[in-house]
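Undergrad: model the following, please.
(4 chains)
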Protein chains: 2
Amino acid sequence: MADVILRSTNVEAGAHRADVPNFELIELLFFAYRDFVSEADEVLERFGFGRAHHRVLHFVSRNPDLKVAELLNILKITKQSLGRVLRELVDQGFIEASEGSSDRRQRLLRATPKGEELALELSIAQSRRIKRALEASGPGTHEAAAKFLAAMINPEDSGDVAKLVRSPSMTGRRR
Amino acid sequence: MADVILRSTNVEAGAHRADVPNFELIELLFFAYRDFVSEADEVLERFGFGRAHHRVLHFVSRNPDLKVAELLNILKITKQSLGRVLRELVDQGFIEASEGSSDRRQRLLRATPKGEELALELSIAQSRRIKRALEASGPGTHEAAAKFLAAMINPEDSGDVAKLVRSPSMTGRRR
DNA sequence: AGAATTACGTCAGCCATGTTGACATATTAT
DNA sequence: ATAATATGTCAACATGGCTGACGTAATTCT
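TA: Here you go, the predicted model:
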């Protein structure tokens, strides 16, 4: 399989302690995320969906009446890219859109029961992996990991994200 | 502390505690990884490279004389996908290939000095974010985060990855 | 009221990067 | 000698990003 060789020297003579790259976490993030996102693939395949659909469905499901602009801000993609997958999700009855109450230009997105079901199935699959990982690590790992990951997020977004992660359907506008 | 409150709706009446998805970590992983990988984009753009080039260069740089098959196993992509980006990296002098000593069919990949320089620049940029995140979190976060992420990796690969990540310059052969 | 801005959608095309399948070449193993 | 292996390559296709341009309805500004 992967007979892998690693080496230690990568830091030249004058390199500062602060400049020594943390290869360990760089690589662990890569491998962990690689396997984490692939977790849902089989489920998605049953519906002819890809990872883009997963992301959209997830955040819509978690934030009922999410506005399109907010979703774009979360995903950091263009409206054209979003448009394609969102249209498929709406056409196939996983997501529905309603008119904004105060502002009728807005489309408020929410998952249908069918959409909720799929979103939940996907979340449960990914959560199984997380649960296993947390159990394999020591106590307090959950808090430490959450803190670390939250601190990895761009500070401009961390406010929104904090709100988003902890209190869904709380439409926070930014700056 | 990551004061996070999971939403209680979304879990039907009969749902087991074990089936309550960990939305917090699912979303933190998404946001953290999103910003983590985007970190290197500006640097890569200077060379007309994308994230695929980054991944290839990173693992080749970290594992001199890496075999093509090993690289494919790390990245979990097809040789055709690898071929394109690898060719560009070789053509432009960031990676060079030599004949395998014991098996002359193999191509042993390693970064050139130019390649090492770029790989290091990219790693340092990503490590700055990691360093900041660790400093913002409590002591012991580093170990906890590493443990958690390692445990998130598919068990079939975790052996390889463990070798890869933590024991540089160790010509480990397995299975 | 009229003009400007905003929220959203859409058409068209391009690019990066993944996929499958088939086939070629050299080298090594049986 | 034959088979298996390591790698490369051609061709076609899918997914999911992107930019640019333009349209429409609704809201806001003056």
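
Undergrad: can you give me the helices in chain A?
TA: With helices called from DSSP state H, chain A shows them at A:23-38, A:41-46, A:51-62, A:68-75, A:79-91, A:113-136, A:141-152, A:155-166.

Undergrad: to B:L109, which of these lies closest?
TA: Closest of the helices of chain A to B:L109 is helix A:23-38, at 16.9 Å (criterion: C-beta to C-beta). For the C-beta atoms, the positions are set from N, CA and C on the backbone; glycine is no exception.

Undergrad: how about that closest one, does it get close to DNA strand D?
TA: No. Judged by C-beta under 7 Å from any atom of the strand, helix A:23-38 stays clear of DNA strand D, getting no closer than 10.5 Å.

Undergrad: that helix: which residues count as buried?
TA: By neighbour count on 16 or more other C-beta atoms under 10 Å in any protein chain shown, the buried set for helix A:23-38 is A:23-37.

Undergrad: check those residues one by one and keep those near chain B.
TA: When contact is defined as C-beta under 8 Å from any C-beta of the partner chain, the buried residues of helix A:23-38 meet chain B at A:23-36.

Undergrad: residues touching whatever residue of chain A ends up closest to DNA strand C, list them.
TA: Here chain A gets closest to DNA strand C at one residue, A:A69, 3.0 Å apart by C-beta to the nearest atom of the strand. For A:A69, the contacting residues are A:Q106, by C-beta atoms under 8 Å, 6 or more residues apart in numbering or on different chains.

Undergrad: in chain A, what helix or strand scores lowest on average pLDDT?
TA: Across the helices and strands of chain A, mean confidence by mean pLDDT, DSSP states H and E is lowest for strand A:5-6: a mean of 41.

Undergrad: what does chain A put close to DNA strand C?
TA: Chain A has residues A:67-69, A:79-80, A:83, A:86-87, A:97, A:100, A:103, A:105-107 near DNA strand C, with proximity defined as C-beta under 7 Å from any atom of the strand.

Undergrad: tabulate those (JSON lines), appending distance to A:R46 and pLDDT.
TA: Output for these, formatted as JSON lines (distance: C-beta to C-beta, whole Å; pLDDT from 0 to 100):
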{"residue": "A:K67", "distance to A:R46": "29", "pLDDT": "97"}
{"residue": "A:V68", "distance to A:R46": "27", "pLDDT": "98"}
{"residue": "A:A69", "distance to A:R46": "31", "pLDDT": "97"}
{"residue": "A:K79", "distance to A:R46": "28", "pLDDT": "98"}
{"residue": "A:Q80", "distance to A:R46": "27", "pLDDT": "98"}
{"residue": "A:G83", "distance to A:R46": "24", "pLDDT": "98"}
{"residue": "A:L86", "distance to A:R46": "20", "pLDDT": "98"}
{"residue": "A:R87", "distance to A:R46": "20", "pLDDT": "97"}
{"residue": "A:A97", "distance to A:R46": "24", "pLDDT": "97"}
{"residue": "A:G100", "distance to A:R46": "33", "pLDDT": "95"}
{"residue": "A:D103", "distance to A:R46": "37", "pLDDT": "97"}
{"residue": "A:R105", "distance to A:R46": "35", "pLDDT": "97"}
{"residue": "A:Q106", "distance to A:R46": "32", "pLDDT": "98"}
{"residue": "A:R107", "distance to A:R46": "27", "pLDDT": "98"}
